[in-house]
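Novice: Sequence and predicted structure below; questions after.
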Amino acid sequence: MNRQVQSIQLGSARGIHSQARFQPGSAMGIPSVRQPQPENAAECASHESGLTLIELMAVAAILAVLVGVALPAFNGYSQRTYRSEAQGDLLACALGMERWASSRFSYRGAADSDGDGVADSDGGAVSEQICAPGSTAEGRYEVRVVGGVDGFQLSAHPLPGAAMAGDGFLSLDEAGNRGWDRNNDAQITAAEEDWSG
């Protein structure tokens with residue numbers, strides 16, 4: 001009888017080991033335990049987790065703070081870029097004025113008074129014969145010129161309602177003197193006689 005009990009115990013132990021699934025690399029050959037699988041979709045949905053209202057509000061608050069910090073920095077960067085574009089336009093137009101004067105021995109008559117692209121006046125929007133400012137084409141600045149016999153004054157004025165409105169105008173003359181009306185009071189003072197800032 002003792003032998004029968006031993007063989008039953010041995011047989012049942014073999015059955016456990018033969019039915020158990022071993023995972024490779026498991027510690028000491030301990031069988032893994034299988035998790036019960038849900039039988040229908042409703043049971044699956046009950047096991048999924050979502051965001052709570054408080055978590056959504058926290059995410060919205062974090063996004064609002066990030067936008068509040070990033071937007072002014074982006075706007076400042078954009079304004080510096082647009083201002084640099086207008087400064088480049090003034091330099092290109094100054095070269096155009098020098099070409100104009102080399103054939104006419106005067107800086108006069110380089111402005112376009114009627115918008116047809118032809119130079120016909122001493123003061124006003126710069127003529128396409130002199131230069132084609134990109135900042136004007138993009139609707140951010142109007143580049144103007146006042147020409148005389150011995151010199152000229154170029155200026156880039158921010159257009160009302162555009163991205164640079166209120167930033168102050170930029171200026172450049174035949175001697176290379178630069179100015180930026182930083183405080184937007186329609187005049188360039190001694191402290192504003194450069195493009196830095």
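Specialist: That came in fine, so what should we check first?

Novice: hang on, Pro72 is in a strand, isn't it?
Specialist: No - residue assignment for Pro72, taken from DSSP: H, G, I helix; E, B strand; the rest coil, gives helix, which places it outside any strand.

Novice: What separation is there between it and Arg99?
Specialist: Counting by CB to CB, to the nearest Å, the gap from Pro72 to Arg99 is 41 Å. The way it works is simple: take the backbone N, C-alpha and C, and place the C-beta from them, glycine included.

Novice: Likewise for Gln129?
Specialist: Gln129 sits 9 Å away from Arg99, going by CB to CB.

Novice: Just the CA trace of stretch 120-132, in CSV.
Specialist: Extracted in CSV, the C-alpha atoms of stretch 120-132 (Å, rounded to 0.1, in the frame of the first residue of the first chain):
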residue,chain,number,x,y,z
ASP,A,120,9.9,110.1,-61.7
SER,A,121,10.3,112.0,-58.5
ASP,A,122,12.9,113.1,-55.9
GLY,A,123,11.0,111.7,-52.9
GLY,A,124,8.6,108.9,-52.2
ALA,A,125,8.5,105.1,-52.5
VAL,A,126,11.8,103.8,-54.0
SER,A,127,11.5,102.9,-57.7
GLU,A,128,11.8,99.3,-59.0
GLN,A,129,14.6,100.7,-61.2
ILE,A,130,16.6,101.2,-58.0
CYS,A,131,15.8,98.0,-56.1
ALA,A,132,13.0,95.5,-55.3
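
Novice: Many thanks, have a good one.
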